[in-house]
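>>> Here is a sequence together with a model predicted from it:
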Amino acid sequence: MLIDLPIIPNPVKTYPPHAGNCNGGGGAQKWYSAAIFRQPQPTTNMPRVVLLNPGPVNVTPKVREALLKEDLCHREKEFADLLHSIRGKLVKVFAIEKDYTAVLISGSGTAALEMAVSSCLSEGRSLLVIRNGVYGERIAKIADAYHLPSITVDTPWGEPPRLEDIERALHDHPEIEVVAAVHHETTTGLLNPLQEIANLVQAHEKKFLVDAISSLAGDPLDFDRTAIDLCVGTANKCLQGLPGVSFVLVKKSEIRRLEKIPPRNLYFNLVNHYRAHEKGDTLFTPAVQIHYALDAALDELAEETVAGRIQRYRDAAHNLRRGFRAMGLEFLIPEAHHSNTLTALKLPEGMPYDHLHDRLKDRGFVIYAGQGGLGPAIFRIANMGDIRPEEFERFLESLKDCLASSGKPTD
């Protein structure tokens, strides 16, 4: 299909006056000034949509405006400075700069998770994976994709792992080198007992890999007590950046062990990314503008403090859950097991998820479906990101109206 483009008015440059045209004939060739392409483009004031899904999240204007910084080649010193800034802020904001280093990769949180899992296991050793939701299962799938020997400890979705099962697996399989667990299993909103698992890992002198993709800066995580060796995170959840860059926080003392492991891939090799970072470089083209946004988001996190953000999320979750109880909604898991950032609720009888989702989206709120076998039975509400208290209150009123209009009692 041909599209008629509008003729752009002057300024134009006739350059040079004696040059031939594109077909080799005489006459002046017109060249448009680059200045006309730098004119501000018209913007549309879009209504704000409140994202109640566990990432991507609503971000502040400062983070969004960081995308408008100048175009930048990733091989220039300016990007090396940006990379250095982000890596430094990541470890400083969590007060772990003495013992940890940050390794970044362009991609979703799963990209960083694959980088960690595929790079952590020595030849001839095994990985113990704790599974009680989609994301524990994802770790096992990554191990299977690389043909890494693995052992699993399984509990039903929504239930904490049984520590005696982990203890037994560690005792029965001395070949285990690394234990992998998800901190916040967003399948159900369950916060796994990381400290108790860490105690077993340390007692058996194993390495500990933690998927903290949806918990880092949202739920308390004590790096000193849990002795995490590799901690996987992402920009676009509780850090309140934008999707497209993720990272692994690696214990510096682990680097030497990881360097002895033969590379199993090209793009996802953690050690090679680390070596490039240490030289102020990247292995491949990164998502430059998303790095700008993450740098700005880390400034905001430092200003709010990690403890302050965790408390804000905790308060939001408390107020939401009080509202859910008042409407007679039923939690999927006991409240004692809830994270600070997500609540899984059983769908009222006779109400399809799509109907509830669409009604709320019409009012400016995006909720989240269940996964796997829970899909037809639940919906999930996340409270991470830059969401104001009055927006949560408006959401509760909207949810109450939607339930009432469907015939579901709300008090």
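Looks like it came in fine. Numbers count the residues shown, from 1 in each chain.

>>> What ranges does the stretch 251-400 of the chain have for its strands?
In the stretch 251-400 of the chain, the segments counted as strands under DSSP state E, counting those that start in this stretch are 342-346, 365-366, 368-369, 378-382.

>>> From what I see, Phe268 and Glu114 are in contact.
Yes. Using C-beta atoms under 8 Å, Phe268 makes contact with Glu114 at a distance of 5.1 Å. To be clear about C-beta, it is placed using only N, CA and C from the backbone, and glycine gets the same treatment.

>>> Give me the nearest residue to Phe79, chain neighbours excluded.
Leu72 (5.5 Å; C-beta to C-beta, 6 or more residues apart in numbering).

>>> give me every residue that touches the closest residue to Asp229 other than its chain neighbours.
Once flanking residues are discounted, Asp229 sits nearest to Lys207: 4.5 Å by C-beta to C-beta, 6+ apart. Residues near Lys207 by C-beta atoms under 8 Å, 6 or more residues apart in numbering: 120, 177-179, 201, 229-230, 254.

>>> Ok, Glu114 next?
Taking C-beta under 8 Å, 6+ apart, one finds 142, 268 in contact with Glu114.

>>> buried stuff in the host helix or strand of it?
For Glu114, the host element (DSSP states H and E) is helix 109-119. Residues of helix 109-119 classed as buried by neighbour count (16 or more other C-beta atoms under 10 Å): 109-119.

>>> Include distance to Leu239 when you put those into a markdown table, please.
Conversion of the buried residues of helix 109-119 to a markdown table gives the following (distance: C-beta to C-beta, whole Å):
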| residue | distance to Leu239 |
| --- | --- |
| Gly109 | 11 |
| Thr110 | 16 |
| Ala111 | 15 |
| Ala112 | 12 |
| Leu113 | 16 |
| Glu114 | 19 |
| Met115 | 18 |
| Ala116 | 17 |
| Val117 | 21 |
| Ser118 | 23 |
| Ser119 | 22 |
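
>>> from those, which is closest to Asn340?
Closest to Asn340 out of these is Gly109 (17.8 Å), distances taken as C-beta to C-beta.

>>> Surely Phe392 is in contact with His318?
No. Under the criterion of C-beta under 8 Å, Phe392 makes no contact with His318, lying 10.7 Å away.

>>> Which one's more surrounded, the two?
Between Phe392 and His318, Phe392 has the larger neighbour count (other C-beta atoms under 10 Å), namely 21 against 14.

>>> quick one: that one and Asn383, what's the gap?
Phe392 sits 7 Å away from Asn383, taking C-beta to C-beta, to the nearest Å as the criterion.

>>> who touches both of the two?
316, 320.

>>> follow-up on the earlier one: between helix 109-119 and the helix or strand just after the helix holding Glu114, find me the angle.
Per DSSP H and E, the first helix or strand lying C-terminal to helix 109-119 is strand 126-131. Counting by axes from the mean of the first three to the mean of the last three C-alpha atoms, to 10 degrees, strand 126-131 lies at 150 degrees to helix 109-119.

>>> and which of the buried residues of helix 109-119 is nearest Gln311?
For the buried residues of helix 109-119, the nearest to Gln311 is Gly109 (23.6 Å; C-beta to C-beta).

>>> Just list the residues touching that closest one, thanks.
The contact partners of Gly109, by C-beta under 8 Å, 6+ apart, come to 55, 211, 213-214, 232-234, 236-237, 246.

>>> rerun at 10 Å
55, 135, 138, 211-214, 216, 232-237, 243, 245-247 (C-beta atoms under 10 Å, 6 or more residues apart in numbering).

>>> Same check on Asp219?
Each residue near Asp219 by C-beta under 10 Å, 6+ apart is listed here: 183-184, 191, 194, 212, 238, 310, 313-314, 338-341.

>>> who's in contact with the spatially most central residue of the chain?
Closest residue to the average C-alpha location of the chain: Thr234 at 3.6 Å, with C-alpha atoms, centre = their mean. Taking C-beta under 10 Å, 6+ apart, we find Thr234 in contact with 55-56, 107-113, 212-214, 216, 241, 243-247, 294.

>>> let's go with 6 Å and repeat that
109, 213, 246 (C-beta atoms under 6 Å, 6 or more residues apart in numbering).

>>> same question, Ile387
Counting by C-beta under 6 Å, 6+ apart, Ile387 touches 50, 58.

>>> Backbone torsions only: list them for it.
Backbone torsions for Ile387, taken as degrees, to the nearest 10, come to phi -120, psi 130.

>>> Do you know the pLDDT at it?
Looking at Ile387, its pLDDT is 98.

>>> Could you report the distance from it to Thr60?
Ile387 is 11 Å from Thr60, by C-beta to C-beta.

>>> Would you map the helices across this protein?
In the chain, the segments counted as helices under DSSP state H are 61-65, 77-93, 109-119, 134-145, 163-172, 194-203, 223-226, 255-259, 270-278, 288-304, 306-326, 353-362, 389-405.

>>> Show the end-to-end separation of stretch 238-255, please.
Terminal residues of stretch 238-255 lie 27 Å apart, using C-alpha to C-alpha, to the nearest Å.

>>> Tell me the buried residues in that stretch?
Along stretch 238-255, these residues count as buried under the neighbour rule (16+ other C-beta under 10 Å): 238-251, 254-255.

>>> and what of stretch 88-103?
89-91, 93-94, 96-97, 100-103.

>>> sorry, back to before: just the closest of the buried residues of stretch 238-255 to Leu329, please.
Of all the buried residues of stretch 238-255, Cys238 has the smallest distance to Leu329: 24.1 Å, by C-beta to C-beta.

>>> Report pLDDT for the closest one.
You'll see Cys238 listed with a pLDDT of 98.

>>> so what's the residue nearest to the centre of the chain closest to, chain neighbours aside?
With C-beta to C-beta, 6+ apart, the residue lying closest to Thr234 is Gly109, at 3.5 Å.

>>> Any regions of the chain where pLDDT drops low?
1-45, 407-411 (pLDDT under 70).

>>> Next, give phi and psi for the spatially closest residue to Lys77 that is not a sequence neighbour.
Distances taken as C-beta to C-beta, 6+ apart place Gly280 nearest to Lys77, at 7.7 Å, with adjacent residues excluded. When read as degrees, to the nearest 10, the backbone of Gly280 gives phi 80, psi 30.
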